[in-house]
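*Asks:* Structure of the sequence below:
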Amino acid sequence: MIRLRTAVVAIAVAAGCGEVVEPAVETIVVSPPRANLIAGERIQLVAETRIAGDLVVADREVRWSSSAPAVASVSPAGQVTAVAPGDATITAIVDGVPGAAAIAVTGPVASVTVAGAPSLPMVVGASAQLVAEARDVDGRLVLGRAVTWTSSDPAVASVSSDGALAARAVGGPIIITATADRVSGSRGGIAVVAGIVTGIADVASFVERCPTTDPAFVAIQADFQLRENGVPVSTPVACSEPFSAVPATQLTDELIAYQVLRIAYYLSQGTEGRLPWTARALYDWMKTSIAGINFKTTPGQLYCCDVIEGRRYFSMSRLDDFNRNAKRDWPGLASSLDFFLHEIRHTDGPGHTNGCPAFPDPTGPPGCDATYDLAFLGSYGVQYWLHAGWASGSLHIGLRCAPPADADRYLTAHAAAAGDFRTRFVTAAPPPVTPSLSYGGPCP
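*Replies:* Modelled structure (predicted):
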């Protein structure tokens, strides 16, 4: 935008008389275009006169007026004074062309409330955006006020200058206070509990997306090779969304495996140093333990591991149509993930034994972990730990973001799975699981 004084603006001279014709005004732009004031405050408005080509010219007379002088008055120089609560339009006119600014006037701040508070309790590492709403005595929203935020215990949950709340350590309950114009409002009862905030904020929506379109798909393919009877699978994987409605011709073992690995990739976020069986993050532990998956055309195969070209592969039989169809939504995919992790745990964990409630015969097949020991968790212990975490909310995947009927179904499935795995321990079986949606965090 170019600024010109009227005296140096291109001049048109009327034919035969030499009369100077000033360029016609096209628009008037008033700045700021809107303002929120408290009665008694003042603000200076500026009117820019623009001609053709969006050129700004000076030295044009501006006439100012207010649509509601009892709300907001304006001086001949464009200074606005807030008089009483209400709304007014301030108009600037140059050569008959108007421009306007909207003025909202309220009374002084009378109350402050804290909105946008998180679901409670929060899990260590979770965050939420808080908003302070200031209102006058008549309940009008007072905008444009500077807000100061404080936490009663920043070591447990801190709050930034813009209201971003961060859960930092187990503790509480704490109080978060917002202050505007010396008037304060608070949100109390914020407790922080132990748990893991993963990279999955809404698992119901997450599993409807295809792994093949995810930015992580290239890394997943590089980290895990799929084979059939030891031979690399070369057939391209196709997928169409939503995943739950993918055609049967696309719902292959390979597509299901990639979806399960995609879940593991995002579930891994926040798990480094937090898993009871490894110091690594979940996905890093998986990819350093095995090279991929070896699909077997022989039925009844599920074990770890086949060693192919010097590297270990988790092996499993190809699924039939019925079992593939069961992997369209979260409960089915979760059951595949827990079996993947069960078998991968055999690369560095304890083996199985017998004598547990599920396999009580001491001379029968081994189908038990000797004990539930977080210091040396077995394969069934890993499965129990996963489902207990999902059901209780200590391993956050956003179950509360699902439609209520689905959330209830997911919780029921996880609690039931955890209950089944409790029967797989000879001694020190873990505790029963009570399903809970108490923690969720913000839904995307």
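
*Asks:* Let me know whether Ile290 touches Phe314 as I believe.
*Replies:* Yes. At 5.2 Å, Ile290 counts as touching Phe314 under the criterion of Cβ atoms under 8 Å. (Each C-beta comes from the backbone N, C-alpha and C, glycine too.)

*Asks:* Which neighbours do the two have in common?
*Replies:* Jointly contacting Ile290 and Phe314 under the rule Cβ atoms under 8 Å, 6 or more residues apart in numbering are Cys304, Cys305, Ile344.

*Asks:* For the first one, which non-adjacent residue is closest in space?
*Replies:* Leaving aside its chain neighbours, Cys304 sits nearest to Glu343 (3.9 Å; criterion: Cβ to Cβ, 6 or more residues apart in numbering).

*Asks:* after the helix or strand containing that neighbour comes which helix or strand?
*Replies:* Element membership for Glu343, per DSSP states H and E: helix 330-345. Reading on from helix 330-345 to the C-terminus, the next helix or strand found by DSSP H and E is strand 369-371.

*Asks:* Let me see the mean pLDDT of that next one.
*Replies:* Computed over strand 369-371, the mean pLDDT rounds to 96.

*Asks:* what does the lengthiest helix in the chain contact?
*Replies:* Using DSSP state H to define each element, the chain has its longest helix at helix 404-422. When contacts are defined by Cβ under 8 Å, 6+ apart, helix 404-422 is touched by residues 203-204, 330-331, 334-335, 338, 358, 380, 383-384, 387-388, 390-391, 399-402, 429-430, 432-437.

*Asks:* what angle sits between it and helix 330-345?
*Replies:* 30 degrees (axes from the mean of the first three to the mean of the last three Cα atoms, to 10 degrees).

*Asks:* quick revisit: of the contacts of helix 404-422, grab the buried ones for PyMOL.
*Replies:* In PyMOL, a selection of the buried entries from the contacts of helix 404-422 looks like this (16 or more other Cβ atoms under 10 Å):
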select buried, resi 203+204+330+331+334+335+338+380+383+384+387+388+390+391+399+400+401+402+429+430+433+435+437
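
*Asks:* mind checking the backbone torsions on the closest residue to Cys305 other than its chain neighbours?
*Replies:* Sequence neighbours aside, Arg312 is the residue nearest to Cys305 in space, at 3.9 Å (criterion: Cβ to Cβ, 6+ apart). When quoted as degrees, to the nearest 10, the phi and psi of Arg312 stand at phi -90, psi 140.

*Asks:* residues touching Arg312, list them.
*Replies:* Ser289, Ile290, Ala291, Cys304, Cys305, Asp306, Thr347.

*Asks:* and if we set it to 7 Å?
*Replies:* Contacts for Arg312 (Cβ atoms under 7 Å, 6 or more residues apart in numbering) come out as Ile290, Ala291, Cys305, Thr347.

*Asks:* Can you turn the buried part of those residues into a PyMOL selection?
*Replies:* Here is the PyMOL command that selects the buried residues among these (16+ other Cβ under 10 Å):
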select buried, resi 290+291+305
